[in-house]
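>>> Model the structure of this input:
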Amino acid sequence: MNITDDDGPAHRLLPGDPDSPVILHVPHGSRTITPRVRSGILLDDAALERELDLITDAHTQEIAARAARDAPVTPWRFVNERSRLVVDPERFPDEREEMRAVGMGAVYTRTAHRAPLRPEPAPDEPALLARYFEPYAQAMTRAVEDRLAATGRAVIIDVHSYPSRALPYELHGTGPRPPVCLGTDPFHTPDALLAHARTAFAPLGESGLDTPFAGTYVPLRHYGRDARVMAVMLELRRDLYVDEPVTPHRGLDAVAAALTGLIRKATAAPA
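Next up, the predicted model:
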């Protein structure tokens with residue numbers, strides 16, 4: 001767990017090549033929690049560390065950084081600098097979010113094992129949404145619009161990981177857990193982009209489609225409206241590159257190389 005001042009940047013846009021349409025989105029890789037947010041969490045420090053081990057997409061920031069470094073045309077990176085226990089920027093902030101059923105809407109009230117994390121309802125939810133969720137969404141929207149203006153398209157590659165064994169919070173945890181899960185959207189994931197992802201990650205093993213996690217992240221301003229915004233979600237099964245829960249091994253190099261391959265294809269060929 002990292003404790004940082006509320007005044008630090010909650011997210012970062014790391015510039016890429018002006019001609020790159022690709023944005024690597026890394027929303028769940030941080031373990032950082034602010035003191036104000038920590039005070040509203042019910043877990044003691046040891047339990048909170050264990051929860052962060054389970055819920056953080058370990059080393060996805062490093063995977064994205066390595067892939068960006070090695071790509072022929074450097075992609076842009078949008079990185080969440082706060083733990084998803086602060087807010088989860090990929091959730092709907094209202095009743096549209098199905099994960100609210102297990103206490104994991106935009107502001108979590110339950111742990112991965114469905115134990116209490118915050119009081120229910122969370123008294124600080126409106127403040128957290130205003131302080132973190134809304135600025136994050138606005139900044140990601142601007143990043144996408146900048147790529148559209150510069151290149152005529154935006155390709156969002158959402159970089160996640162998931163545990164090899166299902167956790168109790170998962171609503172769809174009984175299905176297959178392939179080495180690579182590709183999350184898709186019928187409007188924003190064109191066939192060519194999906195094919196590029198399958199090819200790039202084939203060396204790591206089987207790619208599953210929308211299992212155990214489905215969907216992609218697209219800013220609401222563009223969602224279902226602008227087909228120039230393309231997206232695919234990568235869910236990397238953690239045993240590919242870590243000794244679970246968090247210790248990296250040599251597989252991290254192969255995962256980063258596969259992501260570099262996808263970046264290359266997504267940059268070079270309109271999907």
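
>>> In the stretch 51-200 of the chain, mark out all the strands, start to finish.
Under the criterion DSSP state E, counting those that start in this stretch, strands of the stretch 51-200 of the chain are mapped to 76-80, 154-162, 180-183.

>>> Going by contacts, tell me the helices and strands next to the last one.
Counting contacts by 3 or more CB pairs under 8 Å, 6 or more residues apart in numbering; DSSP states H and E, strand 180-183 is packed against helix 191-201, strand 207-209, strand 229-237. Where you see a C-beta, it was placed from the backbone N, CA and C, and this is true even at glycine.

>>> so where do the helices sit in the stretch 1-150 of the chain?
35-38, 45-55, 60-70, 125-128, 134-151 (DSSP state H, counting those that start in this stretch).

>>> can you pull the buried residues of the last one?
Think helix 134-151. Using 16 or more other CB atoms under 10 Å as the test for burial, helix 134-151 gives Tyr136, Ala137, Ala139, Met140, Ala143, Val144, Glu145, Asp146, Arg147, Leu148, Thr151.

>>> As PDB, could you dump the C-alpha coordinates of it?
Output in PDB follows, covering the C-alpha atoms of helix 134-151 (Å, rounded to 0.1, in the frame of the first residue of the first chain):
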ATOM      1  CA  GLU A 134     -15.300  12.700 -13.100                       C
ATOM      2  CA  PRO A 135     -11.900  14.300 -13.800                       C
ATOM      3  CA  TYR A 136     -10.600  10.900 -14.900                       C
ATOM      4  CA  ALA A 137     -13.400  10.400 -17.300                       C
ATOM      5  CA  GLN A 138     -13.000  14.000 -18.700                       C
ATOM      6  CA  ALA A 139      -9.300  13.600 -19.100                       C
ATOM      7  CA  MET A 140      -9.700  10.200 -20.900                       C
ATOM      8  CA  THR A 141     -12.300  11.800 -23.200                       C
ATOM      9  CA  ARG A 142      -9.900  14.600 -24.100                       C
ATOM     10  CA  ALA A 143      -7.100  12.000 -24.800                       C
ATOM     11  CA  VAL A 144      -9.400  10.200 -27.200                       C
ATOM     12  CA  GLU A 145     -10.500  13.300 -28.900                       C
ATOM     13  CA  ASP A 146      -6.900  14.400 -29.300                       C
ATOM     14  CA  ARG A 147      -6.100  11.200 -31.100                       C
ATOM     15  CA  LEU A 148      -9.200  11.500 -33.300                       C
ATOM     16  CA  ALA A 149      -8.100  15.100 -34.300                       C
ATOM     17  CA  ALA A 150      -4.500  14.000 -34.900                       C
ATOM     18  CA  THR A 151      -5.000  10.700 -36.700                       C
END
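
>>> just how off-centre is that helix within its chain?
Per CA atoms, centre = their mean, to the nearest Å, the displacement of helix 134-151 from the mean C-alpha position of its chain is 16 Å.

>>> How about the contacts made by the nearest residue to Glu98 once chain neighbours are set aside?
Closest residue in space to Glu98, ignoring its immediate chain neighbours: Leu171 at 6.5 Å, by CB to CB, 6 or more residues apart in numbering. Residues near Leu171 by CB atoms under 8 Å, 6 or more residues apart in numbering: Glu98, Met99, Ala101, Val102.

>>> That'll do, ta.
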